[in-house]
Structure formats: C-alpha cells, structure tokens
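> Everything below, folded, please.
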Amino acid sequence: MELKTYSSALAILTLTTFAAAAHAQNAQFPSLQMQGVEQVEIDVDIKAATDRLSQAVQFRTISNQDRDDFDTQAFDDYHAFIEASYPLVHQKLKREILGDPRPYSLLYTWEGKNPDLPPALFYAHQDVVPVPADSRDQWLQDPFAGTVADGYIWGRGVLDDKNQIHGILEAAEMRLAEGWQPERTLYFVFGQDEEVGGPEGARFIAEELERRGIERFAFVMDESAPLIPGIFPGLPDNTALIGIAQKGYLSLELAIHALGGHSSQPPEDSNIGILAEAITRLEDAQFPYRIHPALRHQYRYLGPELDETLQPLFSAVAFGKDGAMTDQEKDFIQMMSASPVTRAMIRTTIAVTMFNAGIKDNVLPPAATAVVNFRPMPGDTPEVIIDHVRKAINDDRITIRDISASTPATAIADPEGPGYKALEKTVRQIWGNDLVVAPFFVIGGSDSKHFQARPFAPDVYTITGLQLESMKEFEGFHGVNERILVDEYAKTIAFFYQIMGNLDAL
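Now for the predicted structure:
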C-alpha cells in the first residue's frame, strides 16, 4: 500500500522534450475526477463508538505463522463482545461462524427488500499481526490496551483492520435504529486469518457463498490504502486510491538435507553455504518488467493531475497496449524501477523472508531451509515460478516446495463501473472534493482475492475508508505506534453509513 517518492528517478526523464508537447496533449488527456459532489453531514456518537473500538483492540486476535499457535479464547471473547456491542445487528441480521478447519470467521446476512437484485459484500478481518517483543519499548502506548490519548485511539489492529469491522457494524447499527433496510442483500464477512493468506476463513466463505448459488455480486469492498496526502509521488494533494487489482501470492521453501557433523571437520561446501549461494543466484535472476493493465488505468486517472510536463509520458502509458514497449514506456519503466514500491508494480517480486539452519556454534547443521515469497504478476503461475527458481539456482541438491495458500494475480475491476463510481461519490460526500481519487494496482494483497478469483465477483474494490494525516501514521501498518485519529474514525463510520445507502442506486 505504501507509495514512496521517486527521489532522483524523475531526473532520468528529459523533461524539456515533453514540455513542448504538453499543452497539445492535455486536450486528449482530460481529468476523470468526479465533479460537483456535495458533502453530507452524518451524526455519529463518536464517544460510544470510540469506546467500543478501544475495547476491540484489547482482544489479542493474533495470526501467527505457526497455525497451531492460535488463541481460540481471544476470538471467542471478541465474538461475544461484538454480539453484545451491536444488539440490533444481531437481532435483525443472520450471523454464522464459519471456517475450516477452525470456524472463527463471521458471516452476516442482511436481507434486502428486492431479492432479485445482486447482493453486495463488505469485507474486513479480525486478525492482527504479532507485536515483536523487541519492539515493545518503541510503542508510546501499550499495543493491546486500546488507549485513547492525544486525540488518537492506539493499539494493534486499530488501523489494520478492526476500524473497518467496527465502522461497518457501527453504520449498520445506526441504519437499523432508523428502521432502514437495504434494497439489495448485504453481506458482511470478517475473516480470521487474513494476515497469513486467508486459507481458513475468507477462502472457505467464498467457496461457501458460491455453493449457495450466488451468481454475481454487484459490489465487493475490502481494505487497502487509506486516504493520505502526498501518498503518490509528485502529487501533494490528498489522495484516495481505490484498488482494482491485486498481485498474486506464493511462498516457496528451498531446502537442502545432507550430512552434518563437527565444525572441526568442515566439508568443502556446507549446507548453509550451498543454500546461500542458491539464494544469491535466485536474487540475480529477477523477473522481467511489464506494464500491468491496472497500472494503465491508474495513470489514466492520476496522470492528468500530475506535473503537466510529464503528462505526455503518462498518457503514453495510460493508452498503451500490450506488446513491444514504446520508448516512452521504457522511460516509464526506468522511472518506476528506481523505487522498491513502484518497482513492485512492474514485475513479479522475489523476497527472501526466512533462513533457518544450525543449533550450536560447533555443529554443522544437517539441513538448511529458506523461505522465498513471490508476489506474481498475471501469467506467472506457481508452475512458471517454480520452473524459474529451479533454472536460476541450477542445483539438484536443493528441493523446492510450495508452502503457501498460493493465489494468482486477480482480475481487474472496472474503474468506470457503477461500483467504482459509488465509492468515489461516497469518498467525496464524506471528505470533500479537494482530493484526487484514482484506481490503482495493489502490490500487496488482501482476503478479497479469494472472492475475486470466482466468477461471481468480477468487480472487487479495495480501499480503507479512513483519513490519515501523513505517511507517518501509515507506518503503523504492521509497525509500531499503530493509531488513528478519533475524529477521523467518526468519518469512517459515516463513510460506511453513506456507501450502504448509495449502493441502493447501483
């Protein structure tokens, strides 16, 4: 989700070359920003809502990599808290607790007035990442105390992703208190294991909804980037990025098993040395750069809002086609490749995330393992990636094993469709028109990929309905001092309240 500055990368472009053509190009590269949306005021009992979110953070619903290390009591207690906190939701909506092999994901069904209309789905996740022991002293507040201080709600999960769960439930409770019923059926899905790929929760529920005969969702929304000023290079304005496609996910274990022994008699090639050399060869064999169609959509919306002298370049990308790259597209690739974040948008990435070997300083380990995480572009299937790895390391002593709930890159949601337009309208109704709204290509991933992989959900949009003050707050995602502003949480609730009503007009 994070987008860093290009720094000196922009200097590689010969700006004067584009400047002369910029004026003529603008007429063919008009802004696509929605105009004339009136803001709305929605009365939210933020004091009570803040207290509930503060309590929610105190439930340690952690997803550990070791799936046997799962605190069932924390999830049971959190479910009981949700049920007690939102009585109308639990009187009027059907709640199911699903998942396999552990049933800890929540599915709510809010029946609409018109069963013939295709339903809509809101997704968020209950689980949070662990707080490493060696980072505790960096937190200004206890990460699991749910402290409200200095205008913020603090704690692990308050940003990723319990604010979205409770924003949805607060909005639904408000709507129910007014006697409102949606035109189309609404589903709320709150997964249990998004932070480890969602194989137990979201995947199971997506399969279950397909088994129940849902043919098509009109709209699916999940978390992604929050609203942040200056999130996009060259654009200081407040920006709302709506994810329309996600890269895939694959983790491979590379392992070598051979004789160990005493460190006083080392072999010419140790297991650790062999595996380390294989990793080096793999990192030297990066995947080629490509321009994803979602990235073209992204620049079609962002390009007209960026530096005028660069608009011919962005226009070439936005309207470009697959096949041999033009010179302008090659300049774009060079620019994007200068930053780790933007580089990730243009190729399948290779990230060595774990390396394990050895138990004692004078013992040669009999085995060494490494985990390499890939975020695939479309077409780079597990088979393609494994073949790439095998050829890159070129060593039969090393085994390769898929250890992930691997998922392919998703389809692309329609950035001109009614679901996208409903989201943009709602964003502007809550946060105003002094911002840029654009689709974007998500380099990470979320549980919505399990829905988007099915024919019933062609249009999945991802955005975190929350305004951050700066990129500093964004660092709380999986980092220290995770926090959100109390006043902005009120707007999160208003956002979900408003989008529920706006979906009636799809």
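> Let's see stretch 318-336 as CSV, backbone CA atoms only.
Presented in CSV, the C-alpha positions along stretch 318-336 are these (Å, rounded to 0.1, in the frame of the first residue of the first chain):
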residue,chain,number,x,y,z
ALA,A,318,-2.4,5.1,-20.0
PHE,A,319,-3.3,4.5,-23.6
GLY,A,320,-0.6,2.0,-24.4
LYS,A,321,-1.2,-1.6,-25.5
ASP,A,322,0.5,-4.9,-24.6
GLY,A,323,3.3,-5.9,-26.9
ALA,A,324,6.6,-4.3,-27.7
MET,A,325,7.3,-1.3,-25.4
THR,A,326,7.5,2.2,-26.9
ASP,A,327,10.4,4.5,-26.0
GLN,A,328,8.1,6.4,-23.6
GLU,A,329,7.0,3.2,-21.9
LYS,A,330,10.7,2.3,-21.5
ASP,A,331,11.3,5.7,-19.8
PHE,A,332,8.4,5.0,-17.6
ILE,A,333,9.8,1.6,-16.6
GLN,A,334,13.1,3.2,-15.8
MET,A,335,11.4,5.7,-13.6
MET,A,336,9.3,3.1,-11.8
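> ok, and for that stretch, which residues are buried?
318, 320, 325, 328-329, 331-333, 335-336 (16 or more other CB atoms under 10 Å). All C-beta atoms are positioned from the backbone trio N, CA, C, and that covers glycine.
> what's the average pLDDT for that stretch?
For stretch 318-336, mean pLDDT rounds to 91.
> before we move on, the earlier item: among the buried residues of stretch 318-336, which are located in helices?
Among the buried residues of stretch 318-336, the ones falling in helices (DSSP state H) are 318, 328-329, 331-333, 335-336.
> Out of these, which is nearest to Phe59?
Met336 (40.3 Å; CB to CB).
> right, and the helix or strand after the helix or strand harbouring Asn163?
Assigned by DSSP states H and E, Asn163 falls within helix 162-177. Downstream of helix 162-177, the next assigned helix or strand under DSSP H and E is strand 186-191.
> strands paired with that following strand, and their directions?
strand 105-110 (antiparallel), strand 120-125 (parallel) (DSSP bridges).
> So which of these is the most surrounded?
Across those, the average number of neighbours (mean count of other CB atoms under 10 Å) peaks for strand 120-125, which reaches a mean of 26.
> next SSE after that one?
Following strand 120-125 in sequence order, the next helix or strand is strand 148-149 (DSSP H and E).
> Sheet-wise, list the partners of the helix or strand that that following strand is followed by with their directions.
Counting by DSSP H and E, the next helix or strand C-terminal to strand 148-149 is strand 152-154. Strand 152-154 pairs in its sheet with strand 148-149 (antiparallel), strand 483-485 (antiparallel), by DSSP bridges.
> Just the residues contacting the shortest one, thanks.
The one in question is strand 148-149. Here strand 148-149 makes contact (CB atoms under 8 Å, 6 or more residues apart in numbering) with 50, 54, 141, 154, 486.
> Which residue, other than its chain neighbours, is closest to the fourth one?
Nearest residue to Trp154, sequence neighbours excluded (CB to CB, 6 or more residues apart in numbering): Gln141, at 4.0 Å.
> so what pLDDT did the one you found get?
pLDDT, Gln141: 97.
> Thought Asp150 was touching it, still the case?
No. Using CB atoms under 8 Å as the test, Gln141 is too far from Asp150 to be in contact (9.1 Å).
> Who has more neighbours out of the two?
Gln141 (18 against 11; other CB atoms under 10 Å).
> Considering the ones in helices among the buried residues of stretch 318-336, which is situated nearest to Thr426?
Distances from Thr426 to those, taken by CB to CB, are shortest for Ala318, at 24.8 Å.
> Give me the phi and psi for the nearest residue in space to that closest one that is not next to it in sequence.
In space, and not counting its chain neighbours, Ala318 is closest to Arg300: 3.9 Å by CB to CB, 6+ apart. For Arg300, the backbone dihedrals are phi -60, psi -30 (criterion: degrees, to the nearest 10).
> what about Arg300, how many neighbours?
20.
> for Glu416, same thing?
Based on other CB under 10 Å, the number of other residues close to Glu416 is 10.
> After the helix or strand bottoming out on mean pLDDT in the chain, which helix or strand is next? Please name it.
Least confident helix or strand, the chain: helix 15-26 with a mean of 40, by mean pLDDT, DSSP states H and E. Downstream of helix 15-26, the first helix or strand assigned by DSSP H and E is helix 46-57.
> what helices or strands is the helix or strand just after that following helix leaning on?
Once the chain leaves helix 46-57, the next helix or strand it forms, by DSSP H and E, is helix 72-85. Applying 3 or more CB pairs under 8 Å, 6 or more residues apart in numbering; DSSP states H and E, one finds that helix 72-85 contacts helix 46-57, helix 162-177.
> try it again with 10 Å
With contacts defined as 3 or more CB pairs under 10 Å, 6 or more residues apart in numbering; DSSP states H and E, helix 72-85 has these neighbours: helix 46-57, helix 87-92, strand 94-98, strand 105-110, helix 162-177, strand 186-191.
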